[in-house]
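**Student:** here is the input, now give the coordinates:
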Amino acid sequence: MKQQIQSRGFTLVEVLVVLVIMGVVTGAVYTTFLSTQRQAYTQDEVVEVQQNLRAALDYLVKDIRMAQFMAPADETALVTVPGQMLVDSNGDGDYADTAERPILSLVSATSMHGYARITQAVSSSTTLNLATNTEQQFAVGDNVRIFRPVDLNPVTASCTISSFPADNQVELSTAVTVSAGDLLVLLPNWPLSPPPGVVDSFPLQIDYQLADDGSSADVNMNQLQRRVMNQGGDTVEDWQLIASKISGLALSYLDDAGNTTTDLDEVVAIEITMTARTDATRAANSNFPGAKERSLSTTVKIHNGVML
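**Tutor:** Have a look, this model is predicted:
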């Protein structure tokens, strides 16, 4: 006689318990996934912001260190000394007006951060001998000029580099007469043909401003821009983007004693505090964790004259 085996299924309560457990586990996994995804997005944006800050600060520091480089004795290192690069003077909550975006202006013989010492005197020659490995800062077609450190005055008019005959040598487009110790200084190349005599204007003026980022509705998203002018007010290099997502730039000017001053003749260093932030216009995005802000600060000494 065969014994009948009874089969028993799940009760409704058991099914509901399993579904609840699965829902809790799935929810926890999904929450963890969203949190990880949000952190990954945020981390990428924060890294980009930090890179922008470092790039912007590095460029600004180089220009400040070179301020008054080979400039005449009666020229100050600075032309204007704004404390904040964004000033909401009319209280409307944005900085669209040009007047609300002050300009930091520096004076220097070069805006390219490149120079080399000439090691041998020549008379009416196109070939110059330079200090070891310094010719690597230059390229064929570069616009250059020669200055004498003794009196901080230009020795020659502007000319271009035509070739590199040998190691530590450059060939100029024009014959020059120079002394050992003179400096070959890299100048910006004009994007357009300048008016007669304009290319020889000396020294140069380097301007910085924070300009509104037109691609974003966030008023805190700005671009750090840089241009080069000559003393006649002609544009050598128009505004160029240095860094984006900059939300603030504060400048403090210090004298020899480390005290704050606005006297252009007394400024020997600049304390910089630059702030950048991630994009705050994605508030409707469920993965948006909120804008993150980062700041970098440094104090830069102005090298008044040639520091070799």
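
**Student:** now for this protein, the helix or strand with the poorest mean pLDDT.
**Tutor:** strand 153-154 (a mean of 77; mean pLDDT, DSSP states H and E).

**Student:** so which bits of the next helix or strand after it are buried?
**Tutor:** Downstream of strand 153-154, the first helix or strand assigned by DSSP states H and E is strand 159-163. Residues of strand 159-163 classed as buried: 159, 161 (neighbour count, 16 or more other C-beta atoms under 10 Å). Every residue, glycine included, has its C-beta placed from N, CA and C.

**Student:** strand 159-163 packs against which elements?
**Tutor:** In terms of contacts (3 or more C-beta pairs under 8 Å, 6 or more residues apart in numbering; DSSP states H and E), strand 159-163 is packed against strand 143-148, strand 169-178.

**Student:** put the alpha carbons of that strand into CSV.
**Tutor:** Extracted in CSV, the C-alpha atoms of strand 159-163 (Å, rounded to 0.1, in the frame of the first residue of the first chain):
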residue,chain,number,x,y,z
CYS,A,159,63.2,91.3,-32.5
THR,A,160,62.5,87.6,-33.1
ILE,A,161,64.4,84.4,-32.7
SER,A,162,65.2,82.8,-36.1
SER,A,163,67.2,79.7,-35.1
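
**Student:** re the thing from before, per-stretch mean pLDDT over the helices and strands packed on strand 159-163, give me the minimum one.
**Tutor:** Here the lowest mean pLDDT among these goes to strand 143-148, at a mean of 88.

**Student:** how far off strand 169-178 does that strand point, in degrees?
**Tutor:** 50 degrees (axes from the mean of the first three to the mean of the last three C-alpha atoms, to 10 degrees).

**Student:** give me the contacts around strand 143-148.
**Tutor:** Contact with strand 143-148 is made by 70, 109, 118, 138, 153-161, 172, 176, 178-179, 181-190, 199-200, 202, as judged by C-beta atoms under 8 Å, 6 or more residues apart in numbering.

**Student:** and it, how far out from the chain's middle?
**Tutor:** Distance, stretch centre to chain centre, for strand 143-148: 25 Å (C-alpha atoms, centre = their mean, to the nearest Å).

**Student:** re the thing from before, between the helices and strands packed on strand 159-163, which one is closest to residue 206.
**Tutor:** strand 143-148 (15.7 Å; C-beta to C-beta).

**Student:** residues of the closest one that come out buried?
**Tutor:** In strand 143-148, counting by 16+ other C-beta under 10 Å, buried: 143-148.

**Student:** could you do stretch 81-91 as well?
**Tutor:** Buried positions in stretch 81-91, judged by neighbour count with 16+ other C-beta under 10 Å: 81-82, 85-86.

**Student:** could the residues you listed go into CSV alongside secondary structure and pLDDT?
**Tutor:** Below are the buried residues of stretch 81-91 laid out as CSV (DSSP: H, G, I helix; E, B strand; the rest coil; pLDDT from 0 to 100):
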residue, secondary structure, pLDDT
81, coil, 89
82, coil, 92
85, coil, 88
86, coil, 82
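
**Student:** between these, which is nearest residue 134?
**Tutor:** Using C-beta to C-beta as the measure, the one of those that approaches residue 134 most closely is residue 81, at 32.8 Å.

**Student:** hang on, the closest one packs against residue 254?
**Tutor:** No. Taking contacts as C-beta atoms under 8 Å, residue 81 lies outside contact range of residue 254: 11.1 Å.

**Student:** how about the helices in the stretch 51-200 of the chain?
**Tutor:** For the stretch 51-200 of the chain, applying DSSP state H, counting those that start in this stretch gives no helices.

**Student:** buried stuff in the top strand by length along the chain?
**Tutor:** For the chain, the strand with the greatest residue count under DSSP state E is strand 235-254. Buried residues in strand 235-254, counted by 16+ other C-beta under 10 Å: 236-237, 242-251, 253-254.
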